[in-house]
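Engineer: Quick one, what's the 3D model for this:
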Amino acid sequence: MTFELQHTDTQSKARAGLITTDHGCIQTPIFMPVGTVASVKAVHFHELRDDIQAQIILGNTYHLYLRPGIDVLEQAGGLHKFNGWEKPILTDSGGFQVFSLSANRKLKEEGATFRSHIDGSKHLFTPENAVDIQRSIGADIIMAFDECTPGDADYHYAKKSMELTHRWLSRGLAHFDATEPKYGYSQTYFPIVQGCVYPDLRKQSAEFIASQNREGNAIGGLAVGEPTEVMYEMISLVNEILPADKPRYLMGVGTPQNILEGIERGVDMFDCVMPTRNGRNGMLFTSHGVMNMKNEKWKKDFSALDDNGTSYVDKAYSKAYLRHLFVSKEYLALQIASIHNLAFYLWLVGEARKHILAGDFMPWKTEMIYRLNHRL
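Structural biologist: As a prediction, this is how the structure comes out:
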């Protein structure tokens, strides 16, 4: 994987770049739709490719490991062959999912033991087998196995957790460098900065991660309960340390506002389940603000979903029709809303890129934040 930094905004840390992988190029800043179990919920891949114009999607190691299972993915020739997605794929390491199973997991130096949410069977993730599993899945970008601490963790716990993550990183890197990809194309390994909400820990972690000199770096452990302003402070602090010539990936964040604030602070890559999850519950993100499509006010509103026209569904379906589908509990509602929200997120980062290159990112961002904060 290579990264070309094409332009940096003069009024902020916002950047435009180009990531090149064996499965294609990715223009940054970029949002990655989440394909947890080898699919992006309620969306066909031809819609992701042709209408939403996704450049990369994310797969979840924990879920893919449990189902369909690594043996199935290896026999298929990797996730690209299994699900038919020809463009780049990034996989997380399963660390966040194991963290979220707090009642069914145990952390120790070797790794994390946990019980499957499907059948209760017991499993172990280590820094080494997290590499092996992601090698077998076949992602272009794979993540280090880490512990994601909650946003309200005390200093002592956060420090111990960060130190464990660093030891796990050293083991994972050694194993990654000693192994080869399985399907004839290259893979890249991203370390993850941790340290919770404590500036000295974040600084220490960012310095350790930067010293590993990998092709890209990630920022984890944010948007997990800490105040939003604290999250922004941690992003700014970390990005002052992480090398400018490598892509920076902010994991699991977030709202359109979060993404624009992250871009301003020098983040290049984002993922979040919010556009599809909120869409399935009737919330649409638009260029004029947020809409609850179940509200009575849309019952006789036959205008387009978003006059910005970020997706074909915006032109094909009215607010009144989509509200009717939600009220009628029709599955098509989930699909239309998911397509719209993903297209909007991709439109938003694409517009950010255009304005970074044009030199007017900050005034555009200020106007967009004002509009995004409206409830329609």
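Engineer: By mean pLDDT, flag the weakest helix or strand of the chain.
Structural biologist: Among the helices and strands of the chain, helix 95-100 carries the lowest confidence by mean pLDDT, DSSP states H and E, at a mean of 74.
Engineer: mind listing what's buried in that helix?
Structural biologist: Buried residues in helix 95-100, counted by 16 or more other CB atoms under 10 Å: 95-99. Placement of C-beta: from N, CA and C, glycine included.
Engineer: Alpha carbons only: can I get it in CSV?
Structural biologist: Output of helix 95-100 as CSV, limited to C-alpha atoms (Å, rounded to 0.1, in the frame of the first residue of the first chain):
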residue,chain,number,x,y,z
GLY,A,95,-10.8,-6.0,19.5
PHE,A,96,-13.8,-3.7,19.8
GLN,A,97,-16.3,-6.6,19.6
VAL,A,98,-14.4,-8.5,22.3
PHE,A,99,-14.4,-5.3,24.4
SER,A,100,-18.1,-5.0,24.0
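Engineer: rewinding a little: closest to E180 out of the buried residues of helix 95-100?
Structural biologist: Nearest to E180 among the buried residues of helix 95-100 is G95, at 23.4 Å by CB to CB.
Engineer: Could I get the contacting residues of that closest one?
Structural biologist: Shown in contact with G95 (CB atoms under 8 Å, 6 or more residues apart in numbering): 112, 125, 130, 143, 145-148, 192, 220.
Engineer: for L348, same thing?
Structural biologist: Contacts of L348 by CB under 8 Å, 6+ apart are 31, 256, 259-260, 368.
Engineer: can I get those residues in TSV with pLDDT, secondary structure and neighbour count?
Structural biologist: Below are those laid out as TSV (pLDDT from 0 to 100; DSSP: H, G, I helix; E, B strand; the rest coil; neighbours: other CB atoms under 10 Å):
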residue	pLDDT	secondary structure	neighbour count
F31	98	strand	24
P256	98	helix	26
I259	98	helix	23
L260	98	helix	23
M368	98	helix	18
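Engineer: Widest-spaced pair of those residues?
Structural biologist: Spatially, the most separated pair among the contacts of L348 is F31 and M368, at 14.4 Å (CB to CB).
Engineer: Determine how far the last residue of stretch 88-107 lies from the first.
Structural biologist: Length of stretch 88-107, first residue to last, CA to CA, to the nearest Å: 31 Å.
Engineer: For the spatially most distant residue from the centre of the chain, give its distance to E264.
Structural biologist: Ranked by distance from the centre of the chain (CA atoms, centre = their mean), the top residue is K300, with 36.0 Å. Look at K300 and E264: by CB to CB, to the nearest Å, they are 39 Å apart.
Engineer: Now V34: phi and psi?
Structural biologist: Backbone torsions of V34, given as degrees, to the nearest 10, read phi -90, psi 120.
Engineer: do the same with M283
Structural biologist: Torsion angles, degrees, to the nearest 10, at M283: phi -100, psi 120.
Engineer: which residues sit in contact with it?
Structural biologist: By CB under 8 Å, 6+ apart, the residues touching M283 are 290-293, 337, 341.
Engineer: Tell me the buried residues within these.
Structural biologist: Applying 16+ other CB under 10 Å to the contacts of M283, the neighbour count classes 290-293, 337, 341 as buried.
Engineer: which one of those is nearest P247?
Structural biologist: P247 lies nearest to N341 out of the buried ones among the contacts of M283, by CB to CB, at 24.0 Å.
Engineer: State the distance from the closest one to T286.
Structural biologist: Here N341 is placed at a distance of 9 Å from T286 (CB to CB).
Engineer: Same check on F302?
Structural biologist: 16 Å.
Engineer: same question, E226
Structural biologist: Distance check for E226 against T286: by CB to CB, it reads 28 Å.
Engineer: Give the buried residues for stretch 28-39.
Structural biologist: Using 16+ other CB under 10 Å as the test for burial, stretch 28-39 gives 28-36, 38.
Engineer: Could you do stretch 353-370 as well?
Structural biologist: 353, 355-356, 361-362, 364-365, 368.
Engineer: More neighbours: which of E226 and T286?
Structural biologist: Applying other CB atoms under 10 Å to E226 and T286 shows that T286 carries more neighbours, namely 22 against 18.
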